[in-house]
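J.: 3D model of this:
(chains A and B)
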There are 2 protein chains.
Amino acid sequence: MVIAEDLAKEQKSISVAEFFEKNKHLLGFDSPTRGVITTVKEAVDNALDACEEAGVLPDIFVGVERREGGIFRITVEDNGPGIVPEQVPYVFGKLLYGSRFHQIRQSRGQQGIGISAAVLYAQLTTGRPTAVISRTGAGMPAHRFHLMIDTATNEPQVLLHRETEWDRLHGTRVEIEFSSTLAAKKRLMDYLRYTSVVNPHTRIMTDIDGETHVFDRVSDEVVPCPKPVDPHPHGIEIGTLKRMAAGDDVPLSTFLTARFSRVGNKTAAEILKRAGLDGEMKTGRLDADALKRLLDAMQETKVPPPSSSICLSAIGEDLIRQGLDREFMPDFVRARTRPAHVFAGHSFIVEAAIAYGGRLESEGQASLLRFANRVPLLYQQGACAITGCATGVNWKAYGLTQQGLPMGPLLILVHVASTNVPFTSESKDAVAAIPEIEREIVLALQDLGRDLKTYLSRRDRKRVQEDRARAICSIIPEISEKVAEIVDLPVPDTTPIEAKIMQKLVAKKRSDDGRVYIGVSNYTEKAAEITVCNISGDRAEDASQAPDFVEEYDSEFSKIWKCRIEPGATWEVSYTGGGGGTLDVRGVDDAAKAVIDLDHQ
Amino acid sequence: MVIAEDLAKEQKSISVAEFFEKNKHLLGFDSPTRGVITTVKEAVDNALDACEEAGVLPDIFVGVERREGGIFRITVEDNGPGIVPEQVPYVFGKLLYGSRFHQIRQSRGQQGIGISAAVLYAQLTTGRPTAVISRTGAGMPAHRFHLMIDTATNEPQVLLHRETEWDRLHGTRVEIEFSSTLAAKKRLMDYLRYTSVVNPHTRIMTDIDGETHVFDRVSDEVVPCPKPVDPHPHGIEIGTLKRMAAGDDVPLSTFLTARFSRVGNKTAAEILKRAGLDGEMKTGRLDADALKRLLDAMQETKVPPPSSSICLSAIGEDLIRQGLDREFMPDFVRARTRPAHVFAGHSFIVEAAIAYGGRLESEGQASLLRFANRVPLLYQQGACAITGCATGVNWKAYGLTQQGLPMGPLLILVHVASTNVPFTSESKDAVAAIPEIEREIVLALQDLGRDLKTYLSRRDRKRVQEDRARAICSIIPEISEKVAEIVDLPVPDTTPIEAKIMQKLVAKKRSDDGRVYIGVSNYTEKAAEITVCNISGDRAEDASQAPDFVEEYDSEFSKIWKCRIEPGATWEVSYTGGGGGTLDVRGVDDAAKAVIDLDHQ
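T.: I've put the predicted structure just below:
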């Protein structure tokens, strides 16, 4: 049939650059407006990764400058280790070229696509080359390049390469120009703000269309760079095992201990026994059947989970809490860092946090902040497994209303850190729905939900009490004032009455004629075991009940009484002295006590 | 700084096969269960494309066979034109290799990734090669191949190639094996069912784990294969223009008319005048500035929209309606095929349909069926622009409740056909949010929403009338029976009274003593222009009003009177005869008339 011959003539190889030029939305270049954010994101990701690898505190400049004719120049500059001149054209001018793809460790960039995609986008839409300056140290010259990509071959084209002056001792600067708008400025600033929240050791200076801002570092501690690890025996697939075995040709026992994570001599022996293979056998001699048995044995043998502490870098509960506190000043904030787990041989850690109240918007759905490997995810919220989990949790069980996401002044933060974050596309906007990861996210959120429920029910209880108190406070004093007026007597102190109605423990202190009187009345329905603490200049040597403990500090005396007060009863003490100072009752919730110091009223 | 040198050692090129091996979820291989569907989908897409190109009616076999140890063999066989033996290894054993990537026309496969990804997945997870049989015609031998992919180079590895016997005269058969489950069987059958709905010329025979089914063709018409077109001047980008100009080196005027869609001599002259360029100038001599001016002029000059009729293949309103009718038997179904539009130079057509009632589930949200280039989209509904549009429409305005999607016994179908469907990932599960496409989807859905509203309000009005009628029917006959009993007379015929209350047109026929009486009373508030049609054995030659038309067929006489009846009036006719037969009134809605044939009561 002649048609097959005709069709054959049309068949050809597609370069990866051609593919992504046609499908640029896959890389986050859906529109020129979004292109600005994607370009900054890819460059900043690279800058942070490079600084982390070199162990320097990142000092990053991000500029977006309006040029003639709707063109914007996007500049990102870092103080990283720089790139050796021979590599610069490949790093920026070839897709699928990089250092982190073959390593098993957490990093922001993984694919060797991002920044080259920005170069590709600029040349496609505006026809302009990208300028790169890089310097690898004080003794070295800086190199300037003008680069493009030959899309038919996916190879870099160097239009200019010369040594240049540069004020940074080491680092990299990239300048990319294309037609765009500043419509996404708010989102860009959000991206930088959240980046700074989860990378507190980073300083980012920005100059967006003439407006400058500094996201300063809040920590001077260099984040330890995650180290590459070997693959874990539980996550290996037959294709990879075959390739590893063919490439090595060493005795099987050496192969297992040297090339896999968490496999010692004992584990190796167990795997070999289970597979019925000799440890002395060379890996090159394994046939398909032996490989299959080896793989099965590796997966059936108990091996400790991957050592995530080396290859992963969690943000940590404290840092997340601090970041959210600083940004939103919530009334409640809790964070959880879950233990490390594995999917398909890749270690991962899920971290989550919930914040409530404060500056958070009280109308509408909760805000959801998504992070992957310390990078904020800004787009495709609907497609993200994090969103799926957050909407899948039954928040009603935790006292919240829910329409998809829970409603109210609520913020949910989820961070997935992994040696290989499974994104739904190359633009790295959304985490794919991997069951193992989803399970961890849900557990973290449920855990936080329970904490939030406790907080909310405590707050609600308090609120009911406060409502009641407010009602009382607005009526009783008025009545007593009226009555006092009628009988022409001074207005009485109504606080104990209020406290009684409010079912609290009421502690009262007053001084009269050189004597101090302290009384605690229990208006609750349960006996109270409390500690009464009175700090003042009085030694209280003649106290009607001797304190259980007295301490002098700086001419002030702390006097402490322990006592048990039955419901309805009052405990009293008095001593000679001038009064003043402080009175405190410990052993009951704040909500269940009222301390009335008449010395200070 | 030594660190830059160290880092440089880690830098390397990543083969596209390695990239997708690591990121296999991007290609729809998130899990072994889903892997089955993705493999079938990619193979069936290719089969349908190939049959379309060869102009044959597709006859496809899909088999999923359980083998030893949790392994499944997925077989897809077609009667397409076959693949010449030299190409087979590349088509199945190299990613980014294909015939449709560089063509501007609608096709299912675009990227040259799909089926090779399945081969890659099988070898990675199960270590097995893929078997392919292909034959290009009756006079040719069939060839059998066993193939794998060398991931480090993205080149095919041929493990076996020999001629073989095969019962098909032409076509291709692929057998891929990997560990999986049949958990997604229902979804697989859904995929095949919907594929058959939008490809009515296709026969798909299935054998899933021993259970066979045939989705037969309902049309014997070969779908015309969309033809490739040249790029449209409005959608071109500077990078592409530069490449085209450099590749051609012909006079500018020839370049414009020969290489672009919809550009004739007049349009070319206008573009050249606007750009200030000479039509005789060779394209190879265009510098950056001239190219920019040419591009601007191309985009500013008015050019007719792309000729979508050639390169696109819409399903069509009739076919969509028929397909939905067959599957769901809805009470209401409407479809819209919107006119062709353009985004970034790619033509596209949006088609949509709404079905209501019938077999559709009345609880919960509407079902959403998404299609792109005649392929059903099964995954990532949340990430799809179609979903975004369907939930973004204000369905409340059309009389529906809404929680994201509208609620009720409702089905929404959207088909996006384009020369380049912008998917959110290589797995082609979801359409990206391109504003031009979104706009068309929303317009189509709003248009259908208005139709649905009309239907629903008419149905509601009818329902009110029917409720009223039901009330009347249950009271009036009872009253008349009682009255008849009291006055001891026969029960009168209350139908005209009912009809009067119900504000209808009432037609009545009765036979009495060899004479037939027909009367039509207008109880509505408007004059009625109607046709009265009476079919019976009577010739009605002596009719009191001569019929406007009489026809004899098979000893039956159709007698037709045209008449106009004022509100409150009655039109009458009588003739000699035996009666019987039928009476019909045309020219008013069924809801507004009652035909009472006393001959048959």
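J.: Quick check: which element contains residue A:322?
T.: Per DSSP states H and E: residue A:322 is located in helix A:317-328.
J.: Tabulate the CA atom coordinates of that helix in PDB.
T.: What follows is helix A:317-328, C-alpha atoms only, in PDB (Å, rounded to 0.1, in the frame of the first residue of the first chain):
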ATOM      1  CA  GLU A 317       8.000  23.500  62.700                       C
ATOM      2  CA  ASP A 318       9.500  26.500  64.400                       C
ATOM      3  CA  LEU A 319      10.500  28.300  61.300                       C
ATOM      4  CA  ILE A 320       7.200  27.800  59.600                       C
ATOM      5  CA  ARG A 321       5.400  29.100  62.700                       C
ATOM      6  CA  GLN A 322       7.700  32.100  62.900                       C
ATOM      7  CA  GLY A 323       7.200  32.900  59.200                       C
ATOM      8  CA  LEU A 324       3.400  32.700  59.400                       C
ATOM      9  CA  ASP A 325       3.500  34.700  62.700                       C
ATOM     10  CA  ARG A 326       5.500  37.500  61.000                       C
ATOM     11  CA  GLU A 327       3.200  37.600  57.900                       C
ATOM     12  CA  PHE A 328      -0.200  37.200  59.300                       C
END
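J.: mind listing what's buried in it?
T.: By 16 or more other CB atoms under 10 Å in any protein chain shown, the buried positions in helix A:317-328 come out as A:319, A:320, A:321, A:322, A:323, A:324, A:327, A:328. In this view, the C-beta of every residue, glycine as well, is placed from N, C-alpha and C.
J.: hmm, who's touching that helix?
T.: Helix A:317-328 is contacted from outside by A:193, A:197-198, A:200, A:218, A:330, A:333-337, A:351, A:353, A:355, A:358-360, A:411, A:413, A:415, using CB atoms under 8 Å, 6 or more residues apart in numbering or on different chains.
J.: Mark which of those are buried, thanks.
T.: Buried by 16+ other CB under 10 Å: A:197-198, A:200, A:330, A:333-337, A:351, A:353, A:355, A:358, A:360, A:411, A:413, A:415, out of these.
J.: ok, which of those residues also contact chain B?
T.: Residues of the buried ones among the contacts of helix A:317-328 in contact with chain B (CB under 8 Å from any CB of the partner chain): none.
J.: Just the ones in helices from those residues, please.
T.: A:197, A:198 (DSSP state H).
J.: what residue ranges in the stretch 351-500 of chain A score low on pLDDT?
T.: Counting by pLDDT under 70, the stretch 351-500 of chain A has low-confidence residues at A:465-479, A:482-483, A:494-500.
J.: So what's the residue count around the closest residue to chain B within it?
T.: Nearest to chain B, among the residues of the stretch 351-500 of chain A, is residue A:383, at 3.1 Å (CB to the nearest CB). Using other CB atoms under 10 Å in any protein chain shown, residue A:383 has 25 neighbouring residues.
J.: phi, psi of it?
T.: When read as degrees, to the nearest 10, the backbone of residue A:383 gives phi -90, psi 0.
J.: ok, now which ones touch the residue lying closest to it once chain neighbours are set aside?
T.: Nearest residue to residue A:383 in three dimensions, chain neighbours excluded: residue B:383, at 3.1 Å (CB to CB, 6 or more residues apart in numbering or on different chains). With contact set as CB under 8 Å, 6+ apart, residue B:383 has these partners: A:380, A:382, A:383, A:424, A:430, B:424, B:429, B:430.
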